[in-house]
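*Asks:* I'd like to go over a predicted model; first the sequence, then the structure.
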Amino acid sequence: MWADTEPWRLAAARRESADTVTLGLEPPAPFVFDPGQFNMLYAAGIGEVPISISGDPGQRTRILHTIRDVGAVTHALCATPPGTEIGVRGPYGSHWPLHTAEGGDLIIVAGGIGLPPLRPAIYQALRHRDRYQRLVLLYGARTPRDLLFTGELARWRGRFDLTVEVTVDVGDRDWRGNVGVVPDLIGRVTFEPGTATAFMVGPEIMMRFTVRALLERGVPEDRVFLSMERNMQCAAALCGHCQLGPFLLCRDGPVLSYRQLARWISLREI
Amino acid sequence: MRYVLDLGGLGQLLAALRQRGFRLIGPVVADGAICYGEITSAADLPAGWTDEQDGGTYRLKRRDDGALFGYNVGPQSPKKYLFPASATLWRSHPPGTADTDDEKPFAFIGVRSCELHAIAVQDRVFLGGQHPDPLYAARRDGAFIVAVNCGQAARTCFCVSMSAGPKADAGFDLALTELTGEGGHRFLAETGTPRGEEVIADTPGAQPASPRDATAADQIIERTAAQMGRAMPAVDLRDLLYGNLEHPRWDDVAARCLTCGNCTMACPTCFCFSVEDVTDLAGRAAERNRSWDSCFTLDHSYIHGGPVRTSARSRYRQWMTHKLATWTGQFGTSGCVGCGRCITWCPAGIDITEEVAAIAADT
């Protein structure tokens, strides 16, 4: 389990913003994952971190991971030159329940580095667009310069079968878009709450207020799904760090329904 | 089947295990306590030693009957061997080699009922999931267990209320009850597995037990059960703790808790470990190590931006609700076996049964 996988090769690295890079990794064999799952990436000699897969689940020979440079390991990964071998274990964890969302509206809400773990679900929903009613993407970042995947966002905004709303906490002089927090976007879009399903990833505070806004609109608790974060070291439900109440997030999560989480995420320091 | 053996017979039993290639691990006096260590014969056992325990207190004492197992559980448990405090998961140089342990399987001597239950709990954690831990599996595989039914209980013991003792009911190859009174110093041996029968067959001193010896052993276990120093309140712990995650008692215990993590180190079921990657200075050789971690450290809950559980209140709550309630959701069993180590080895003498009782009394 610890050392029985062949290394992957970094085929291409693409800078998304000042602190965020997408690594295109080539697995030794075609790699199958579900949207929302993550891999453990190993920067040689420095350490291992859990990183969500950010690419298209239909693409099995180049697996994308979008990484924000915030610590020793993510810094090393972001600075890795193409051609280098990288240790990869996975995929781990639960996935976005796209089947649950079929037949109704799908609302996808992302804050900051929360967009990459949702992008595979967006690709999947667009691939099977006829299975859903409205498809809505709400996305926020701190500043316009922190927005990820801007080219793709522009293309998605041009589609008639996808609603995209973007906001920033702080604009700059060239910004003509929304300024404000992500939960406020819920009130700006049209959807059918009774049949809607929501997927979200972002800072816990953003998710708490987004959940509140969705529930106020009438979305049922068991159709709101969150991807949670805790310290994660083994990804095998052994090391105990990723506990969130009764859940081991590497095994039971990261994606859980608000119904499962309600008791726990209303508490401080859980 | 029940047998009886005298001191010489016990020596033969240990020799028979060594003969079969086992590495004997048993109780030894070390650092002022009864610890687990490697033994070679019955002469290494802590003859004539006992201990007194209470919240935050442990003292070795002499006893005059020469009993070999006349002590209560010490600070260590078989966890020390099955899930060592530090281990190397892999090394990159030479490539692809994992550390090989001493290949001899363990024979644990003197394992108490609460410890058998603790091993069963860790079996579920390390072996029961989708990704079994190869290190634990290698150490657990083939281990021979000679249990000992407790002849006394400490003031910190509460296994009866956790349905984990004092009689060894499963998970052993042989279970001994030490008899020191009338009829001489001897051991009643009960076999739990065919392997246990085979080892007894190689112990010439083992004789079929008389009904009198069997009765004497049963009485000792009954007496121990009646001696329990403490009890976990008989309430639904999951409901109680899930319903009281914001109880003021957490502030009260946080004012006493030093967040030192001693309870988690002494606990025979605590399994958290941290993983660390290291390299040599040239960056050519790398290895990944793991070592026991504790939910009382800030690092345990660290994510980018800072630790999730910064206050002592939240860390004690995490430990206790995990041990007694959320563990069941994670692994289908309680994480507590009532051994009382967390009470004895807490420098502040915090008592998990008392904390539960305080919340239960005010709910």
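*Replies:* Perfect, I can see it now.
*Asks:* Just the buried residues of the one helix or strand residue A:263 maps to, please?
*Replies:* Using DSSP states H and E, residue A:263 maps to helix A:258-265. Buried residues in helix A:258-265, counted by 16 or more other C-beta atoms under 10 Å in any protein chain shown: A:258, A:260, A:261, A:264, A:265. For the C-beta atoms, the positions are set from N, CA and C on the backbone; glycine is no exception.
*Asks:* That one - contacts with which helices or strands?
*Replies:* Applying 3 or more C-beta pairs under 8 Å, 6 or more residues apart in numbering or on different chains; DSSP states H and E, we find helix A:258-265 packed against helix A:204-217, strand A:224-227, strand A:243-244, strand A:247-248.
*Asks:* Return the distance of stretch A:60-71 from the chain's centre.
*Replies:* 11 Å (C-alpha atoms, centre = their mean, to the nearest Å).
*Asks:* Stretch B:318-335 now?
*Replies:* 17 Å.
*Asks:* Pull that stretch out as CSV, backbone CA atoms only.
*Replies:* This file holds the C-alpha atoms of stretch B:318-335, laid out as CSV (Å, rounded to 0.1, in the frame of the first residue of the first chain):
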residue,chain,number,x,y,z
GLN,B,318,-12.3,15.2,20.1
TRP,B,319,-10.4,12.5,22.1
MET,B,320,-13.3,11.5,24.3
THR,B,321,-16.1,11.6,21.8
HIS,B,322,-13.9,9.7,19.4
LYS,B,323,-13.0,7.0,21.9
LEU,B,324,-16.5,6.5,23.2
ALA,B,325,-18.9,7.5,20.4
THR,B,326,-17.6,8.3,16.9
TRP,B,327,-15.3,5.3,16.9
THR,B,328,-18.4,3.2,16.6
GLY,B,329,-19.4,5.0,13.4
GLN,B,330,-15.9,4.6,12.0
PHE,B,331,-15.1,1.0,12.9
GLY,B,332,-18.2,-0.6,14.3
THR,B,333,-16.8,-0.9,17.9
SER,B,334,-16.2,1.3,20.9
GLY,B,335,-12.6,2.5,21.2
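*Asks:* Now do that stretch, average pLDDT.
*Replies:* The pLDDT scores in stretch B:318-335 average 97.
*Asks:* Can I take it that residue B:220 is in a helix?
*Replies:* Yes - assessed by DSSP: H, G, I helix; E, B strand; the rest coil, residue B:220 belongs to a helix.
*Asks:* Leaving out sequence neighbours, find the closest residue to it.
*Replies:* Using C-beta to C-beta, 6 or more residues apart in numbering or on different chains and skipping the chain neighbours, the partner closest in space to residue B:220 is residue B:151 (5.3 Å).
*Asks:* Show the contacting residues for residue B:109.
*Replies:* B:14, B:24, B:25, B:26, B:27, B:39, B:45, B:146 (C-beta atoms under 8 Å, 6 or more residues apart in numbering or on different chains).
*Asks:* 10 Å instead, please
*Replies:* Residue B:109 is in contact with B:10, B:13-14, B:17, B:22, B:24-27, B:36, B:39, B:42, B:44-45, B:68-69, B:144-148, B:174, B:176, counting by C-beta atoms under 10 Å, 6 or more residues apart in numbering or on different chains.
*Asks:* do residue B:295 as well
*Replies:* A:240-241, A:243, B:259, B:261, B:263-264, B:270, B:272, B:301, B:309, B:314-320, B:322-323.
*Asks:* So which of the residues you listed sit within strands?
*Replies:* residue A:243 (DSSP state E).
*Asks:* Among the contacts of residue B:295, which ones are in helices?
*Replies:* Counted as lying in helices by DSSP state H, out of those, are B:263, B:264, B:314, B:315, B:316, B:317, B:318, B:319, B:320.
*Asks:* quick one: low-confidence parts of the stretch 51-200 of chain B?
*Replies:* Within the stretch 51-200 of chain B, the set of residues satisfying pLDDT under 70 comprises B:93-102.
*Asks:* need the residues of it near chain A, please.
*Replies:* Taking C-beta under 10 Å from any C-beta of the partner chain, the part of the stretch 51-200 of chain B that reaches chain A is made up of B:83, B:88-92, B:95-98, B:125-126, B:128-137.
*Asks:* Can you flag the buried ones in those residues?
*Replies:* Buried among those by 16+ other C-beta under 10 Å: B:83, B:89-92, B:125-126, B:129, B:131, B:133-136.
*Asks:* And the residue located most distally from the centre of chain B, how far from residue A:45?
*Replies:* Computed with C-alpha atoms, centre = their mean, the maximum C-alpha offset from the centroid of chain B is found at residue B:282, amounting to 41.1 Å. Counting by C-beta to C-beta, to the nearest Å, the gap between residue B:282 and residue A:45 amounts to 10 Å.
*Asks:* Bridge partners for the residue nearest to residue A:55 when sequence neighbours are not counted, pull those for me.
*Replies:* Spatial nearest neighbour of residue A:55, chain neighbours left out: residue A:64 (3.1 Å); criterion: C-beta to C-beta, 6+ apart. Residues in a beta bridge with residue A:64, per DSSP bridges, are residue A:24.
*Asks:* Great, nothing more from me.
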